[in-house]
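In: okay, sequence plus prediction incoming.
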Amino acid sequence: MKRSAFSLSSFRRKPESSVPDISWRSVIVAILVVGSLLNRSEAEAPYKLTLPLGLQEEAAYIPPDNPLTPEKIELGRQLYFDGRLSADGTVSCATCHASDQGFSDGRPTSIGIKGQVGERNAPVTFNRLFSQEQFWDGRSASLEDQALKPIENPIEMGNTLDHMVSTLSAIKGYRKQFKQVFGTTVNATGVAKAIAAFERSLVCGNSAFDRYEDGDDNALSESEQRGLELFREKGNCVRCHTGFAFTDERYHNIGVGFDKPNPDLGRYNVTKKESDKGAFKTPTLRNIAASAPYFHDGSAKTLEDVVEFYDKGGIKNPNLSNEIKRLLLTVPEQGDLVAFLKSLSCPELQVAVPALPK
């Protein structure tokens, strides 16, 4: 019997009758291209994106001025892996968001150009199809805007957009693809759109949890099933890690870093609202076992450390979220919760490194 999936608007299971009949194989999303908004090269045909089990097509967001096409996604894949976007050719998007590291980099905080160390942990780049505001503090309103920020960041890629465009324009393969995809010469807007399109194609689903929710009683072990119950009930993890994406896309202060001098104030640096001090965006939990370490500062080395942090009620500070309270989980319960989190893995999500244009 199929179980109902999480709803973005509810933390309880829906009645069985309200669950759509979703194939375990995939959901085909027709991305409609509005020809009047696009140039001819972008408006040739709709593109069908295949979503794995557990993801919801109605929650997908693709801006009308950046529809998906196979050619644009492939261009974005090449740009994502190309270190030539950085000032000295050494740092690419994939440097800090690598598929073999859960689309993060395995470091507490990322290392950029000339070995400079950043201040925050690299967030994952998959399932961005369902997310608009980007970065831990939400300072970018779109994936397209986010795509250019690391290029100009002096610690990350250390480049300027003009220099990046000049570098890419000297590469015949990129000139040809920009003409084909956008009908233009190489430009920063096209770079941003292509990378965003590629990242929207990175989708993580069909986990053991998804198969269990779809009716496969053997998909989760007994420990994982107990962990799921703890996740929904005693742990109240669904209060923030809700919906099929396991995130409310909102910002919360859970106390990370407030046991140190000068903690990162997160969302406050964007909004200047007192209530946003120390608040960071809720990350997705999908594929979480592959992207250690955790939290915005990478201070939790393991999932066990994460669960223990929450079990203790975070770190006290004036803006600690009202949702953060001691959980009083037993050691076996903590183990079960970790087991459930590992069931959210999607090992099928792998991306081959492309041959780069010359």
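Out: Yep, that arrived. Please read all numbers here as calculations on a predicted model, not as lab measurements.
In: V353 is in contact with G83, isn't it?
Out: No. Here V353 lies out of contact with G83, judged by C-beta atoms under 8 Å, at a distance of 11.6 Å. C-beta: built from backbone N, CA, C; applies to glycine.
In: these two: who's more crowded?
Out: Neighbours were counted for V353 and for G83 using other C-beta atoms under 10 Å; G83 has more, 16 against 13.
In: ok, that one touching V91?
Out: Yes. Counting by C-beta under 8 Å, V91 is a contact partner of G83 at 5.8 Å.
In: what residues are up against the nearest residue in space to N317 that is not next to it in sequence?
Out: With sequence-adjacent residues excluded and distances taken as C-beta to C-beta, 6 or more residues apart in numbering, N317 is closest to F258, at 4.1 Å. Counting by C-beta atoms under 8 Å, 6 or more residues apart in numbering, F258 makes contact with G278, I315, K316, N317.
In: does the closest residue to the second one other than its chain neighbours sit in a helix, a strand or a coil?
Out: Translated: I315. Nearest residue to I315 in three dimensions, chain neighbours excluded: G255, at 3.1 Å (C-beta to C-beta, 6+ apart). For G255, the assignment made with DSSP: H, G, I helix; E, B strand; the rest coil gives coil.
In: what's the burial count for G255?
Out: Neighbourhood size, G255 [other C-beta under 10 Å]: 22.
In: still on that earlier bit, which of the contacts of F258 tops the neighbour count?
Out: G278 (26 neighbours).
In: was I right about it contacting N262?
Out: No. When contacts are counted by C-beta under 8 Å, G278 is not listed as touching N262 (11.7 Å).
In: that older thread, let me know the closest of the contacts of F258 to A141.
Out: G278 (21.6 Å; C-beta to C-beta).
In: so what's the closest residue to that closest one other than its chain neighbours up against?
Out: Spatially, and ignoring its direct neighbours in sequence, G278 is nearest to N253 (4.0 Å; C-beta to C-beta, 6+ apart). Counting by C-beta under 8 Å, 6+ apart, N253 makes contact with G266, K277, G278, A279, F280, N317, N319, L320, S321, I324.
In: phi first, then psi, for the fifth one.
Out: Dihedral pair for F280: phi -130, psi 160, per degrees, to the nearest 10.
In: please name the bridge partners of it.
Out: Residues in a beta bridge with F280, per DSSP bridges, are H252.
In: if I look at it, what pLDDT would I see?
Out: pLDDT for F280: 98.
In: check the burial of it by counting its neighbours.
Out: 25.
In: that one contacts G266, correct?
Out: Yes. The criterion here is C-beta under 8 Å, and F280 meets it with G266 at 4.5 Å.
In: please enumerate the helices of the stretch 101-250 of the chain.
Out: Secondary structure of the stretch 101-250 of the chain (DSSP state H, counting those that start in this stretch): helices located at 143-152, 161-169, 172-182, 188-200, 208-213, 222-232.
In: out of those, which gets nearest to D297?
Out: helix 143-152 (18.0 Å).
In: out of the helices of the stretch 101-250 of the chain, which is the most enclosed?
Out: helix 188-200 (a mean of 24; mean count of other C-beta atoms under 10 Å).
In: list the buried residues in stretch 308-320.
Out: Using 16 or more other C-beta atoms under 10 Å as the test for burial, stretch 308-320 gives E308, F309, Y310, D311, G314, I315, N317, N319, L320.
In: contacts for it, please.
Out: With contacts defined as C-beta under 8 Å, 6+ apart, stretch 308-320 is touched by 235, 237, 253-259, 263, 274-279, 295, 300, 321, 324-329, 334.
In: pretty sure A59 sits against V203.
Out: No. Contact between A59 and V203 fails when scored by C-beta under 8 Å: they sit 11.5 Å apart.
In: and stretch 103-112, C-alpha only, in CSV?
Out: Taking C-alpha atoms only, stretch 103-112 is exported to CSV below (Å, rounded to 0.1, in the frame of the first residue of the first chain):
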residue,chain,number,x,y,z
PHE,A,103,27.7,18.1,-4.4
SER,A,104,29.6,19.8,-1.6
ASP,A,105,33.4,19.5,-1.0
GLY,A,106,33.9,17.5,2.2
ARG,A,107,35.5,20.5,4.0
PRO,A,108,34.2,22.5,6.9
THR,A,109,34.5,25.7,4.8
SER,A,110,35.5,25.9,1.1
ILE,A,111,38.9,26.7,-0.3
GLY,A,112,39.1,29.1,-3.2
